[in-house]
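Asks: Requesting a structural model of the entry that follows:
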Amino acid sequence: MLRFSSEKPPENAVVVDFDNTIMNYEVTEDLTEEGPLVPGVKEALQQLKDKGCYIIVSSSRTASYWPGQNRDGQWKFIENYLTKNEVTFDEIWASDKPVAIAYIDDRAHKVEFAEDRSNWAEIVDKIEPKEE
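Replies: Have a look, this model is predicted:
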């Protein structure tokens, strides 16, 4: 599901960046090439979902400030990539940064990975949904 809304996201939303957090973007040359999944991301997002988190994938790829980019094409690229790789998510956010209990990003809550391992398990352990 894609959201172009100013509506507040659900409680227990976790915002996950796409490039270098879900997909290894460093091995690609442009915004149309697919890279491999970051190790551990599929399992981590499923664990967060099992904990009761609402998973929002967000990316600056869909931002209106990138001149010459096909914004619709970018969110579709993300949706196709996530679906093809069976990555758990609730929606792709294509407007302002949503309010969330955590933001997981290659530049914020640092996802670190090598060819066969990552620190996703440690990140999942640190995130707890709010009590209802």
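Asks: and residue 38, what is it in contact with?
Replies: Shown in contact with residue 38 (C-beta atoms under 8 Å, 6 or more residues apart in numbering): 20, 21, 22, 23, 24, 111, 113, 118, 120. Backbone N, C-alpha and C define where each C-beta goes, glycine included.
Asks: redo that, cut-off 6 Å
Replies: Taking C-beta atoms under 6 Å, 6 or more residues apart in numbering, we find residue 38 in contact with 24, 113, 118.
Asks: my read: the last one touches residue 40, true?
Replies: Yes - using C-beta atoms under 6 Å, residue 118 is in contact with residue 40, at 4.2 Å.
Asks: overlap in contacts of these two?
Replies: With C-beta under 6 Å, 6+ apart, residue 118 and residue 40 have no common neighbours.
Asks: that older thread, pick the one among the contacts of residue 38 closest to residue 78.
Replies: Comparing the contacts of residue 38 against residue 78 with C-beta to C-beta places residue 24 closest, at 14.2 Å.
Asks: give me the low-pLDDT residue ranges for the protein?
Replies: 1-6, 27-30, 64-71, 95-99, 106-109, 132 (pLDDT under 70).
Asks: What segments of it are helices?
Replies: 41-50, 71-84, 120-126 (DSSP state H).
Asks: which residues are contacting the longest one?
Replies: Residues lying outside helix 71-84 but in contact with it, judged by C-beta under 6 Å, 6+ apart, are 2, 18, 61, 62, 89, 92, 94.
Asks: Looking at these, which one is closest to residue 103?
Replies: residue 18 (12.6 Å).
Asks: burial of the closest one, as a residue count?
Replies: For residue 18, the number of neighbouring residues by other C-beta atoms under 10 Å comes to 25.
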